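[1] coords below, sequence missing:
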């Protein structure tokens, strides 16, 4: 089996998930500046989730480019990833809709979904590596990097942190997003600087 | 006519149908654990329907890979299948929305739509086989397997069963989904075991 | 310019338009047979519109297969067609939502949108023919057939007929749909000729 | 990296954004001519935004056709553009929903989003030019034309103008749309040159 249609389907789902979130941003009833301000928390949730989905699309893109073939297990691992990614709009709207930024449960649930996405992505990588012998690029790409460990650690910390202070938790999610947008090189230099 | 655009269009529709269901999962009004629990039945309906649509996408993918050409009849057989698949979100939300899990009609309707999907898929297979002479792979793939007969039997049983006990009926749908996710080999072994 | 991306974009829009209509089919509040019956008019509207969009997709598919290149004018003629097609869900829901089957204006508006789609399709065909010199297949495919004249005539009759009796008008729309689903042997034969 | 999947994903997002706007056009409650008239402002907003998104899709199409390769920075520049484009339905519905055509803030916000789209498109062009050395077509295509300067100037003027008279502001947006639909002979000639 070729990867073409798996990519097309994943692109379709991701494109829809990313744009469905905008539907949550209902136009404010009144036309005052205050009305516009009232959608700001939803806007920020949307922006953050947009970045997360963008990061996953980018990484998925990279992963599939070094992949030559897929099997049934990989198709299901991919659907499993798409399932968790498709829950992001739901948790995004729960956080944003009634200014639930300072309520623990929605913020913790958001983190849980992000954690499940990361685990699902890891499972997909494993399934791909097992199916390809001696694919150097794939092995290298799916080797757990410092980025992966930091992200995972932050997610696990952020979920209980939501019960201490939700803004700490949200800060953690923003931090992970920033780690992933930053070009790899800059990040490595930053890490070295910190070590010194 | 090539199969390319038929695949692209089907992927598009399936990707949308699968993600539209998430729209039914409205974020709970309050932020208590109870609020989160209130969306659990919808979540389960969503998960089940996601798996069903995933199974259809996988099978469609396999079917199209051994297909070389399509004609007008096949295009319509495919649209017919997409029509019934597109009704899954509607029945899913009817079951999930007001905890209608223990009401017979929504559960029976869900089963009816699944049955119509199975029949539509069968019609598509027939149309493809008729259009391809001596395509060994296609003939083999579309030969009714034990899986097909079991699924069909369970659907037909599950619809009236909804009027006895809806959970029996839902159990049937879960069973069919499990039969289809299980890799073919394991299933065959399981069937042999049961026979012995 | 190649036709690839124009096809992909059109497929995307058509796939969304066709599935967005399902969103209009809200699950009935109660779970009685009566509740299910209450969505029947919406279901029929949906079915009819699904068939119309299927017909357009099929014809668009055929048209693009004999097309080699596109220019700016063709891109806009295509967007113009997609615009009118994207209004079908709006008129469909207006007819179906409050059992407006026996009210003249929604039914007439539905016919008007269908008429505009037919005109937009005609403009697209013209733009394609002008851009391709001596493309035998395209010229033949876009030659006004008896089908086109009948459809156009019926649309123009159906709009004022809605003010006499809406069911007459709806009958006209069903008639046109039936004319177009009927397998067109000539077309298929033409397509095969071209391939050879 | 090839441009194929970036195009597919962008097509997906644009197709969804363009069709999501129709969802805002709720069928009128009553079936009088007045009811139909009540959706006219939303219809006009929809038409204008449809044209804008069509223009961006056309230009994106042209840009990608002269592009051979993409890198991480370009992927993000593209996502950045899609982000602002995806906000168009939100601002469109804010203007259209409650006849907010004569209220300054929604109209100014609409202009701001259009301005951000133009800036994001400019950034994408820059990223592409930097990544391609001596790509004559790309350099020429992304050279700021008189069209770009006029559009930018009009946007910047239209935002404060909304506080003077919203119709002046809306007239500005219509003007920019018209400038971009007008057939651009130069561009077409350039495309033909490249093909040869």
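    Cool, got the structure. All values derive from a computational prediction rather than experimental measurement.
[2] and the particular helix or strand that has residue A:119 in it, what other elements does it pack with?
    Assigned by DSSP states H and E, residue A:119 belongs to helix A:104-131. Packing partners of helix A:104-131 (3 or more CB pairs under 8 Å, 6 or more residues apart in numbering or on different chains; DSSP states H and E): helix A:40-65, helix A:72-86, helix A:88-97, helix A:136-142, helix A:146-161, helix A:166-181, helix B:33-38. Where you see a C-beta, it was placed from the backbone N, CA and C, and this is true even at glycine.
[3] now what about the third one, what contacts it?
    Read it as helix A:88-97. Helix A:88-97 is contacted by residues A:17, A:20-21, A:24, A:41-42, A:44-46, A:48-49, A:52-53, A:100-101, A:106-107, A:109-110, A:113-114, A:117, B:22, B:25, B:27-28, B:31 when judged by CB atoms under 8 Å, 6 or more residues apart in numbering or on different chains.
[4] returning to what we had before: now for the helices and strands packed on helix A:104-131, which one comes closest to residue B:148?
    helix A:72-86 (17.3 Å; CB to CB).
[5] is chain B contacted by that closest one?
    Yes. Using CB under 8 Å from any CB of the partner chain, helix A:72-86 reaches chain B at A:72, A:73, A:75, A:76, A:79, A:82, A:83, A:86.
[6] swap in stretch A:43-51?
    No. Contact of stretch A:43-51 with chain B (CB under 8 Å from any CB) is absent, the minimum separation being 10.8 Å.
[7] buried set for that stretch?
    A:44, A:45, A:46, A:48, A:49, A:50, A:51 (16 or more other CB atoms under 10 Å in any protein chain shown).
[8] and if you look at stretch A:24-32?
    Result for stretch A:24-32 [16+ other CB under 10 Å]: buried residues A:24, A:25, A:27, A:28, A:31.
[9] Contact partners for the second one?
    With contacts taken as CB under 8 Å, 6+ apart, residue A:25 has the following neighbours: A:39, A:42, A:43, A:46, D:90.
[10] would you turn those into JSON lines with distance to residue C:6 and pLDDT?
    As requested, the contacts of residue A:25 are exported to JSON lines (distance: CB to CB, whole Å; pLDDT from 0 to 100):
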{"residue": "A:39", "distance to residue C:6": "35", "pLDDT": "81"}
{"residue": "A:42", "distance to residue C:6": "35", "pLDDT": "78"}
{"residue": "A:43", "distance to residue C:6": "33", "pLDDT": "83"}
{"residue": "A:46", "distance to residue C:6": "30", "pLDDT": "84"}
{"residue": "D:90", "distance to residue C:6": "27", "pLDDT": "86"}
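[11] wait, isn't residue A:82 in contact with residue A:11?
    No. In this structure, residue A:82 is not within contact of residue A:11 by CB atoms under 8 Å, at 10.6 Å.
[12] separation between the residue nearest the centre of chain A and chain B?
    Nearest to the mean C-alpha position of chain A, by CA atoms, centre = their mean, lies residue A:52 at 3.7 Å. From residue A:52 across to chain B, the span is 16 Å (CB to the nearest CB, to the nearest Å).
[13] so what's that residue up against?
    So residue A:52 contacts A:88, A:114, A:117, A:177 (CB under 8 Å, 6+ apart).
[14] if you set the cut-off to 6 Å instead, what comes out?
    Going by CB atoms under 6 Å, 6 or more residues apart in numbering or on different chains, residue A:52 touches residue A:177.
[15] where does chain A dip in pLDDT?
    Across chain A, the ranges flagged by pLDDT under 70 are A:1, A:97-101, A:135-138, A:140-145, A:183-191, A:195.
[16] Tell me, how many residues neighbour the residue of it found nearest chain B?
    Closest contact between chain A and chain B, by CB to the nearest CB, is at residue A:12 (3.1 Å). The tally of other residues near residue A:12 (other CB atoms under 10 Å in any protein chain shown) stands at 28.
[17] Does it lie in a helix or a strand, and which?
    Taking DSSP H and E as the criterion, the element that holds residue A:12 is helix A:4-24.
[18] And residue A:27, by the same measure?
    Going by DSSP H and E, residue A:27 is not part of any helix or strand.
[19] if I pick the closest residue to chain D within chain A, what's in contact with it?
    For chain A, the residue closest to chain D is residue A:15, as judged by CB to the nearest CB, at 3.1 Å. Residues in contact with residue A:15 (CB under 6 Å, 6+ apart) are D:9, D:12, D:13, D:16.
[20] separation between it and residue C:122?
    31 Å (CB to CB, to the nearest Å).
[21] now do residue A:166
    Using CB to CB, residue A:166 is found at 58 Å from residue C:122.
[22] quick one, which of those two is more surrounded?
    residue A:166 (22 against 16).
[23] sorry, back to before: deepest of the helices and strands packed on helix A:104-131, which one?
    Of all these, helix A:88-97 has the most neighbours on average by mean count of other CB atoms under 10 Å in any protein chain shown, namely a mean of 25.
[24] ok, and the closest non-adjacent residue to residue A:131?
    Take residue A:131 and drop its neighbours on the chain: the residue closest to it by CB to CB, 6 or more residues apart in numbering or on different chains is residue A:71, 5.7 Å away.
[25] who touches the nearest residue to residue A:80 once chain neighbours are set aside in this structure?
    Closest residue to residue A:80 in three dimensions, ignoring its sequence neighbours and counting by CB to CB, 6+ apart: residue A:120, at 5.0 Å. The contact partners of residue A:120, by CB under 6 Å, 6+ apart, come to A:80, A:81, A:84.
[26] Closest one of these to residue B:5?
    residue A:81 (26.4 Å).
[27] Quick check, that closest one in contact with residue A:124.
    Yes. Contact criterion CB atoms under 6 Å: residue A:81 and residue A:124 qualify, at 5.4 Å.
[28] tell me the contacts of residue A:147?
    So residue A:147 contacts nothing (CB under 6 Å, 6+ apart).
[29] hmm, I was thinking of residue A:117
    Going by CB under 6 Å, 6+ apart, residue A:117 touches A:84, A:85.
[30] so how far is residue B:83 from it?
    Distance of residue A:117 to residue B:83, given as CB to CB: 32 Å.
[31] Chain D contacts on chain A?
    Residues of chain A that fall close to chain D, judged by CB under 6 Å from any CB of the partner chain: A:11-12, A:15-16, A:19, A:22, A:25, A:27, A:31, A:50, A:54, A:58, A:61.
[32] For the residues you listed, which two are the farthest from each other?
    Using CB to CB, those span at most 40.3 Å, a distance reached by A:31 and A:61.
[33] Count the residues that sit near residue A:16.
    Residue A:16 has 29 neighbours, counted by other CB under 10 Å.
[34] Quick check, it in contact with residue B:21.
    No. Look at residue A:16 against residue B:21 with CB under 6 Å: they stay out of range, at 11.1 Å.
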